[in-house]
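# compute the structure for the input listed below.
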Amino acid sequence: MADTTVDATRRLNVKKQTLDDAYAVPANFLEIDVINPITHGVGKKRYTDYEVRMRTNLPVFKVKESSVRRRYSDFEWLRNELERDSKIVVPSLPGKAWKRQMPFRGDDGIFEEDFIEDRRKGLEMFVNKIAGHPLAQNERCLHMFLQEPVIDKNYVPGKIRNA
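Prediction:
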């Protein structure tokens, strides 16, 4: 009995990490950047969209690199879909900034550079938290959001199956 206890509690012989190991491509990675905000249109038709760029080697994603443009409302759509269909706690989005949308402001409101940059950072944190969750990685809506040029809002919710 004493011998099995010693074996069970003995430290593992861990191989020392080499520089090649430290600087090699990670075993699994998922990088998502929200970058290059562009404001389009004029007046009430004005909006800002962002480039969502993804790189991964995770087997659940068929496409290993993608770049799509998304509006704030697309991030809201993703959040609502995940909240409705998945078993994960979905983080919140950066706020809607209702006060910044009031008429007769002395500034550009939601189209000011500082606001757009703060929102961009918040959206990037949001999408990385979600995409980093193993259960969310199987959701069809996340794959569509990250990889499809146009989101099909009439899609059939479900899980992505590895082939």
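
# quick one: low-confidence ranges for the protein?
Along the chain, the model assigns pLDDT under 70 to residues 1-12, 21-22, 24-26, 97-110, 161-163.

# which residues in it form helices?
2-9, 19-23, 72-85, 113-131, 140-147 (DSSP state H).

# adding distance to Ile38 and mean neighbour count, write these out as CSV.
The way it works is simple: take the backbone N, C-alpha and C, and place the C-beta from them, glycine included. As requested, the helices of the chain are exported to CSV (distance: least, CB to CB, whole Å; neighbours: other CB atoms under 10 Å):
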stretch, distance to Ile38, mean neighbour count
helix 2-9, 59, 8
helix 19-23, 35, 7
helix 72-85, 13, 17
helix 113-131, 10, 17
helix 140-147, 18, 21
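
# the residue nearest to the spatial centre of the chain: what's it in contact with?
The centroid of the chain falls nearest to Val127 when counting by CA atoms, centre = their mean (2.3 Å). Val127 makes contact with 32, 34, 52, 75, 78, 145-146, according to CB atoms under 8 Å, 6 or more residues apart in numbering.

# kindly recompute the last result at 7 Å.
Neighbouring residues of Val127 by CB atoms under 7 Å, 6 or more residues apart in numbering: 32, 34, 52.

# ok, His133 touching Ile88?
Yes - the pair His133 / Ile88 is scored as a contact, 5.3 Å apart, by CB atoms under 7 Å.

# who's more crowded, these two?
A side-by-side neighbour count of His133 and Ile88, using other CB atoms under 10 Å, places His133 first with 18 against 15.

# and the end-to-end length of stretch 58-73?
End-to-end distance of stretch 58-73 (CA to CA, to the nearest Å): 27 Å.

# return the distance of it from the chain's centre.
9 Å (CA atoms, centre = their mean, to the nearest Å).

# buried ones in that stretch, by neighbour count?
Of the residues in stretch 58-73, 61, 66, 68, 70, 72 count as buried by neighbour count, 16 or more other CB atoms under 10 Å.

# follow-up on the earlier one: of the contacts of Val127 - the most surrounded one?
Highest neighbour count within the contacts of Val127, by other CB under 10 Å: Val52, with 23 neighbours.

# and that one, what are its bridge partners?
Val34, Val68 (DSSP bridges).

# ok, it touching Pro37?
No - taking contacts as CB under 7 Å, Val52 lies outside contact range of Pro37: 11.2 Å.

# give me the contacts around stretch 141-159.
Counting by CB under 7 Å, 6+ apart, residues outside stretch 141-159 touching it are 52, 54, 61, 63, 66, 68, 74, 77-78, 81-82, 85, 130-131, 136, 138-140, 160.

# good, we can wrap up now.
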